[in-house]
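S.K.: Coordinates for the following, if possible.
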Amino acid sequence: MSTTDSASLSDEDADERERSVTPLELFFDLVFVFAVTQITGFLIRNLTWGGMVRGVALLAVVWWAWVGYSWLTNAVPAEEVLPARLVVLFAMAAMLIVALSIPRAFGDDAVSFGVAYFAVRASHVVLYGLVTPPETREAVLRLAPGFLGAPLLLVAAGFVATPYQSALWAVAIAIDFGVARVRGVEGFHVRAGHFVERHRLVVIIALGESIVAVGVGATGLVLDADGVLAVFSGFVLIAMLWWLYFDYATLAAERRLAAIHGHDRAVLARDSYSYIHLSMVGGIVFVALGIERTLAHVNEPLRLVSAVALCGGGALYLCGHNAYRYRDHGTVSVPRAVAAAAASLLVPLAPFVPALVVLGGLTALFVALAGFETIRSEYRPEFRP
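M.R.: Residues are numbered from 1 along each chain as shown. Here you go, the predicted structure:
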């Protein structure tokens with residue numbers, strides 16, 4: 001590496017240390033919080049297999065909109081550039097309409113959802129093209145047909161009958177997620193510290209939505225011994241989700257991302273954060289749904305779809321962690337893989353035992369996993385001496 005390259009990397013690293021998530025980004029995230037809450041509400045009201053699939057589709061498109069702005073604000077200090085700040089605020093207003101349309105996104109508000117979502121995505125592409133350096137601008141233009149074409153398909157989906165609507169949604173999501181994979185992220189530059197912090201905060205947002213789910217589920221709950229135990233178990237489970245991500249896993253991933261530069265860093269950021277983090281956020285959302293359903297029916301068996309949400313969500317979360325680790329380091333956590341399998345095995349028991357038993361069993365499993373890793377992990381001492 002030349003002296004010039006070394007100096008460039010030193011400046012880049014110094015910039016990363018100085019840049020942190022801005023108030024404008026946190027303000028933008030408030031709308032994302034509301035959208036995630038709306039998706040959980042949609043799932044509660046549509047607690048069927050078809051409803052679950054549609055909930056996943058809603059989460060995917062909302063997540064991808066958030067991902068786009070996480071890359072944008074990583075590249076551009078939008079809060080400091082007045083035109084950029086105004087465009088982001090406009091996108092927030094459009095995203096609020098998206099969130100409000102979620103309960104009827106496949107019905108009466110399908111057109112409103114599609115048009116507002118297109119406005120969010122178009123604002124992102126336009127702003128990226130106007131305020132980023134030429135190399136990044138060319139990269140955005142290379143991806144723009146997919147980034148704009150997919151939302152247009154969602155607009156079209158609002159005008160057609162259900163079978164065609166579902167097909168258009170499936171094609172739109174495939175195009176949106178696939179274009180960055182097929183056409184690549186060459187030309188994008190990632191500030192590692194800021195990028196990782198951004199995704200840590202979105203995981204906190206998802207966990208916060210789970211706390212809200214506990215509150216919603218506990219509305220009208222008699223706080224007798226079983227009720228208090230259910231609330232306590234739900235909170236402990238959420239705390240263990242936090243523990244497994246923040247104790248050392250994200251610290252190891254940040255070190256890995258910061259250790260590489262240029263195109264390799266952008267590819268890793270795309271795979272580990274833009275793609276794989278969706279499985280973790282989705283797992284949290286499904287666990288939140290399962291907790292809410294448990295608190296609503298503490299002493300009754302869970303319906304199968306609710307049990308899949310609770311236990312399958314926990315398994316999905318752990319599988320997301322292993323995918324994250326494998327992409328970053330080429331290894332997997334055997335304890336997390338075993339715990340994911342054990343969580344899945346709780347699903348067949350759910351129709352035959354009270355919901356509190358299933359929640360308690362899943363919580364005990366996650367407590368045991370977190371405790372085992374805290375005490376026995378060979379990697380943790382590197383980050384938590």
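
S.K.: and Glu80, backbone torsions?
M.R.: With angles defined as degrees, to the nearest 10, Glu80 sits at phi -90, psi -20.

S.K.: ok, His124 touching Leu143?
M.R.: No: counting by C-beta atoms under 8 Å, His124 stays clear of Leu143, with 10.7 Å between them. Every C-beta, even on glycine, is put in place using the N, C-alpha and C of the backbone.

S.K.: residues touching Ala355, list them.
M.R.: Residues counted as contacts of Ala355 (C-beta atoms under 8 Å, 6 or more residues apart in numbering) are Ala230, Arg293, Thr294, His297, Val298, Asn299, Glu300, Pro301, Leu302, Ser306.

S.K.: Tally up the residues packed near the third one, please.
M.R.: I take that to be Thr294. Using other C-beta atoms under 10 Å, Thr294 is surrounded by 31 other residues.

S.K.: Quick check: closest non-adjacent residue to Val357.
M.R.: Leaving out its chain neighbours, the residue that sits closest to Val357 by C-beta to C-beta, 6 or more residues apart in numbering is Leu349, at 7.9 Å.

S.K.: who touches the one you found in this structure?
M.R.: Leu349 touches Val357, Val358, Gly361, counting by C-beta under 8 Å, 6+ apart.

S.K.: pLDDT value on Phe195, please?
M.R.: Per-residue pLDDT puts Phe195 at 93.

S.K.: wait, it sits on Leu257?
M.R.: Yes: Phe195 is within contact range of Leu257, at 7.1 Å (criterion: C-beta under 8 Å).

S.K.: quick one: common contacting residues for those two?
M.R.: Jointly contacting Phe195 and Leu257 under the rule C-beta under 8 Å, 6+ apart are Ala269.

S.K.: mind giving me the domain ranges of this structure?
M.R.: As given by automatic domain parsing, the domain ranges for the chain are 17-189, 192-385.

S.K.: so where's the protein shaky on pLDDT?
M.R.: The chain contains residues with pLDDT under 70 at 1-19.

S.K.: Please repeat the previous calculation with a cut-off of 80.
M.R.: The model of the chain has pLDDT under 80 over residues 1-20, 77-83, 129, 213-214, 216-222, 378-379, 384-385.

S.K.: ok, which stretches of it are strands?
M.R.: Using DSSP state E, no strands are found in the chain.

S.K.: which residues does Ala307 contact?
M.R.: Gly290, Leu346, Val347, Ala350, Pro351, Val358.

S.K.: what's the closest of those to Ile39?
M.R.: Gly290 (14.4 Å; C-beta to C-beta).

S.K.: And that closest one, how close does it get to Leu316?
M.R.: 11 Å (C-beta to C-beta, to the nearest Å).

S.K.: about what we covered before: hmm, which of the contacts of Leu349 are the buried ones?
M.R.: Val357, Val358, Gly361 (16 or more other C-beta atoms under 10 Å).

S.K.: Surely Tyr379 is in contact with Ala252?
M.R.: Yes: using C-beta under 8 Å, Tyr379 is in contact with Ala252, at 6.5 Å.

S.K.: wait, isn't Val140 in contact with Leu130?
M.R.: No: at 10.0 Å, Val140 does not count as touching Leu130 under the criterion of C-beta under 8 Å.

S.K.: So for the two, which sits in the more crowded spot?
M.R.: Val140 (22 against 13).

S.K.: Give me the nearest residue to that one, chain neighbours excluded.
M.R.: Going by C-beta to C-beta, 6+ apart, Val140 has Tyr128 as its nearest residue, at 4.4 Å.
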